[in-house]
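Student: build me a structure from this.
(one chain, ligands or ions: 2)
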Amino acid sequence: MAVKNAMTADFLRSAYGGESMAHMRYLYWATVAKKEGFPNVGRLFEGIAYAEYVHANNHFRELGKDIGDATVTAGAIFGDAKTVDNLQGAINGELHEVEQMYPVYLNAADFQKEDGAKRSFHFALEAEKIHADLFSKAKESVKEGKDMQMKAVYICPVCGHTVLDEAPDKCPVCGAKKEMYKEF
Ligand SMILES: [Fe+2]
Ligand SMILES: [Fe+2]
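Tutor: Numbers count the residues shown, from 1 in each chain. Ligands and ions are numbered 1, 2, ... in the order given. Predicted coordinates:
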């Protein structure tokens with residue numbers, strides 16, 4: 001279902017831009033982490049990059065045939081630094097989404113009765129909370145010169161829900177089945 005209101009459409013375009021950039025940024029930072037000898041942090045970046053791809057796709061789909069330019073709010077845009085700093089950049093971006101961007105976008109979509117956009121923003125908000133937490137844990141390890149302790153990262157391909165080591169039987173956010181989760 002396509003979006004009807006201009007304000008919600010603006011927010012979808014903005015969020016689409018932000019998620020697209022986060023996707024690329026995390027893939028870049030994954031290669032940096034691997035080069036620095038933190039392969040698990042690299043996989044964490046790759047897995048979460050996929051979650052941001054899922055969010056961008058959801059927002060894009062909700063825009064339907066809408067045509068327009070995007071003003072992007074991202075919280076963290078560029079930065080080619082060491083992994084410990086890149087992780088802080090990632091945390092800043094995720095916290096911006098959790099504390100400012102998605103709550104405002106979600107409330108606007110709710111006010112404008114845009115159910116599809118609401119769902120898309122809700123999915124992203126729930127995942128970004130987890131991302132901020134995981135990147136913080138990764139940063140603590142890297143600060144001590146150690147790689148992150150984990151077996152794998154699992155991402156729900158419907159909502160971007162992110163979990164370490166084992167996928168749940170059902171996604172707690174969207175209800176997708178365990179077999180659908182993508183492993184990194
Ligand atoms: Fe995220
Ligand atoms: Fe999900």
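Student: how close does the residue nearest in space to the middle of the chain get to Glu183?
Tutor: The C-alpha lying nearest the average C-alpha coordinate of the chain belongs to Glu52 (CA atoms, centre = their mean; 3.7 Å). Distance of Glu52 to Glu183, given as CB to CB, to the nearest Å: 17 Å. The way it works is simple: take the backbone N, C-alpha and C, and place the C-beta from them, glycine included.
Student: try Val72
Tutor: Val72 sits 30 Å away from Glu183, going by CB to CB.
Student: out of those two, which sits in the busier spot?
Tutor: Comparing Val72 with Glu183 by neighbour count (other CB atoms under 10 Å), the higher total belongs to Val72, at 15 against 12.
Student: chain neighbours aside, what residue packs nearest to that one?
Tutor: With sequence-adjacent residues excluded and distances taken as CB to CB, 6 or more residues apart in numbering, Val72 is closest to Gly17, at 3.4 Å.
Student: in the helix or strand hosting the one you found, what counts as buried?
Tutor: Per DSSP states H and E, Gly17 falls inside helix 6-35. For helix 6-35, burial by neighbour count (16 or more other CB atoms under 10 Å) applies to 8-23, 25-30, 32-34.
Student: what's the neighbour count on the closest residue to Arg43 other than its chain neighbours?
Tutor: Closest residue to Arg43 in three dimensions, ignoring its sequence neighbours and counting by CB to CB, 6+ apart: Phe184, at 5.0 Å. By other CB under 10 Å, 19 other residues sit near Phe184.
Student: then Gly75?
Tutor: For Gly75, the count of nearby residues is 19 (other CB under 10 Å).
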